[in-house]
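Trainee: What follows is a predicted protein model with its sequence.
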Amino acid sequence: MRAVLLIIVSLAAMAMARPEVDDNTSMVTMDIKQRQLVILKLLNHIMEPLMYKDLEDWGKNFKIEDNMDSFTKTDVVKTFVNMMKTGFLPRGEIFTLHVDRQLKEVVTMFHMLYYAKDFNTFIKTACWMRLYLNEGMFVYALTVAVRHRED
């Protein structure tokens, strides 16, 4: 009877044990699980303000115009900056691919994410987009970019 109880208690202890996750891990050393967690945090409660302070700081401190060399195609960044000046679909509005202007905007957003040179630039651009651009367009561009990127 003691052996059975000991086995049950040890199995329960093993089930409750979990590895420590360091939230301060740098983006360079992130493994696939940590990268997925960051992307899931970006998609969490998409219609509400971003609730993760670290992601909010990354987005607020990232200046797209100052980081043009962090993208493989600088013409995509120039197009994006020009579109920003004319204005994207406002936050809270309904997004559809069937409106030509919205389609062009979301394709440009996708290109910004897709042509980021590294994951660091990718995630900072995504954090910036999460803070300032339309929620539906952000979700669409991010999910398509994640599907197509190698990292």
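Mentor: Perfect, thanks for sending it. What you see is a predicted model; the values in this text were computed from it and never measured. Residues are numbered from 1 along each chain as shown.
Trainee: CA atoms for contacts and neighbours, from now on please.
Mentor: Fine.
Trainee: Tell me how far Met30 lies from Val146.
Mentor: Relative to Val146, Met30 is positioned 16 Å away (criterion: C-alpha to C-alpha, to the nearest Å).
Trainee: repeat for Pro90
Mentor: 23 Å.
Trainee: Mind checking which of those two has more residues around it?
Mentor: Between Pro90 and Val146, counted using other C-alpha atoms under 10 Å, Val146 has the larger neighbour count: 16 against 12.
Trainee: residues contacting the more buried one?
Mentor: For Val146, the set of contacting residues under the criterion of C-alpha atoms under 8 Å, 6 or more residues apart in numbering is empty.
Trainee: again, only this time at 10 Å
Mentor: Residues in contact with Val146, defined by C-alpha atoms under 10 Å, 6 or more residues apart in numbering, are Gln36, Ile39, Phe110, Leu113, Tyr114, Phe122.
Trainee: Make a markdown table out of the residues you listed and add neighbour count, distance to Phe71 and secondary structure.
Mentor: As requested, the contacts of Val146 are exported to a markdown table (neighbours: other C-alpha atoms under 10 Å; distance: C-alpha to C-alpha, whole Å; DSSP: H, G, I helix; E, B strand; the rest coil):
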| residue | neighbour count | distance to Phe71 | secondary structure |
| --- | --- | --- | --- |
| Gln36 | 13 | 21 | helix |
| Ile39 | 17 | 19 | helix |
| Phe110 | 23 | 13 | helix |
| Leu113 | 26 | 9 | helix |
| Tyr114 | 23 | 9 | helix |
| Phe122 | 22 | 9 | helix |
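Trainee: Which two of those have the greatest separation?
Mentor: The most widely separated members of these are Gln36 and Phe110, with 17.9 Å between them, by C-alpha to C-alpha.
Trainee: Now flag whichever of the contacts of Val146 is closest to Glu150.
Mentor: Proximity of the contacts of Val146 to Glu150, judged by C-alpha to C-alpha, is greatest for Tyr114, which lies at 9.5 Å.
Trainee: Tell me how far the closest residue to that closest one other than its chain neighbours lies from Val106.
Mentor: Nearest in space to Tyr114, with sequence neighbours left out and distances taken as C-alpha to C-alpha, 6 or more residues apart in numbering, is Ala145 at 5.4 Å. With the distance defined as C-alpha to C-alpha, Ala145 ends up 11 Å from Val106.
Trainee: ok, the two, which is more surrounded?
Mentor: Set Ala145 next to Val106 and count neighbours by other C-alpha under 10 Å: Val106 wins out with 24 against 19.
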